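Asker: have a look at this prediction, sequence included:
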2 protein chains.
Amino acid sequence: MLFRRAIKADLPAIVRMLADDELGSQREKYQEPLPESYFTAFGQIDKDANHELIVTEKDGEVIGTLHLMFLPSISFQGGLRAQVESVRVDKKFQNQGMGSQIMEHAIQIAKARGAHVMQLTTHNTRNDAHRFYERLGFKASHMGMKLNLK
Amino acid sequence: MLFRRAIKADLPAIVRMLADDELGSQREKYQEPLPESYFTAFGQIDKDANHELIVTEKDGEVIGTLHLMFLPSISFQGGLRAQVESVRVDKKFQNQGMGSQIMEHAIQIAKARGAHVMQLTTHNTRNDAHRFYERLGFKASHMGMKLNLK
């Protein structure tokens, strides 16, 4: 297992994993070539030192992804927050501890950077994800609310 | 009512509002002078085009604050997310529609910037906040999970 920053050439593998689930399939366009909007977003993430798009490789194949971001904040005495979004493991490799490993990797990076908290939201319907994050020590202390702007 | 970007001189008023509630009072240090960590965080936020720390002014006094941030993301076809944190209205001015006005201001900025969603989390105990955000159109679709890293 290798963890590294994503490069542009990883985008098709990342989008394939994002699209390969019930909620993701309604949101993503996994096609060849990928819509340009994915590359534009990748460029913005890649150049921003507060963002780290991570992939996991196994035998040369990208099998997991996680978007780690750092959010400076006034609250908590100017405390830095870490946030994770878009955590996915290839379906072929699920339930083998890969998700925990990539999360532990992100937690180590966040601690090294001095973040006081790691935060994420998971859709209310993702019961497996809730248990997964609780096993890692996360507390479901908050409600995650979304407003569609389109 | 005036909405504007916060400047360094607004920090004491912002921290006073963050500290002036049950959860905030355990987290913040509202003292004169403010701990340096608040100024460090302000500097990081102020120089980052993806962050906008907003204050509301009434008769020359800062009476509200909101931290708006923009998060580039691969998911949703590379869709930009808007996130709000640290929304506060001075206790003297609560229940007068100030919170809605500052949120509507943030929503307008987020739409102008092209964000497809606005997201936030509120502590499970903040029942008034849940109703407030629901009235603005937010859906409680997610669980907000936090891991303490200290």
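Answerer: Right, received. Where do you want to start?

Asker: number of residues surrounding residue A:35?
Answerer: 14 (other Cβ atoms under 10 Å in any protein chain shown). Any C-beta I mention is one placed from the backbone N, CA and C, and that applies to glycine too.

Asker: so the spatially most central residue of chain A is in which element?
Answerer: Centroid-nearest residue in chain A, with Cα atoms, centre = their mean: residue A:66, separated by 2.8 Å. Assigned by DSSP states H and E, residue A:66 belongs to strand A:61-71.

Asker: tell me if the following helix or strand past that strand is near chain B.
Answerer: Next helix or strand after strand A:61-71 toward the C-terminus (DSSP H and E): helix A:75-78. Yes - Helix A:75-78 comes into contact with chain B (Cβ under 8 Å from any Cβ of the partner chain), by way of A:75-78.

Asker: from these, which is closest to residue B:111?
Answerer: residue A:75 (25.0 Å; Cβ to Cβ).

Asker: in this structure that closest one contacts residue B:88, no?
Answerer: No - in this structure, residue A:75 is not within contact of residue B:88 by Cβ atoms under 8 Å, at 9.3 Å.

Asker: surely residue A:82 is within a strand?
Answerer: Yes - assignment of residue A:82 by DSSP: H, G, I helix; E, B strand; the rest coil places it within a strand.

Asker: nearest to chain B, of the residues of helix A:75-78 next to chain B?
Answerer: residue A:78 (3.2 Å; Cβ to the nearest Cβ).

Asker: which helix in chain A runs the most residues?
Answerer: Ranked by number of residues, the top helix in chain A under DSSP state H is helix A:98-113.

Asker: only the buried residues of the next helix-or-strand element following that one, if you could.
Answerer: Using DSSP H and E, the helix or strand that follows helix A:98-113 in sequence is strand A:117-123. Buried positions in strand A:117-123, judged by neighbour count with 16 or more other Cβ atoms under 10 Å in any protein chain shown: A:117-122.

Asker: so what touches strand A:117-123?
Answerer: A:23, A:76, A:79, A:81-85, A:87, A:106-107, A:110, A:129-130, A:133, A:138, A:142, A:144, B:119, B:121, B:141-149 (Cβ atoms under 8 Å, 6 or more residues apart in numbering or on different chains).

Asker: and the angle for it with helix A:98-113?
Answerer: 150 degrees (axes from the mean of the first three to the mean of the last three Cα atoms, to 10 degrees).
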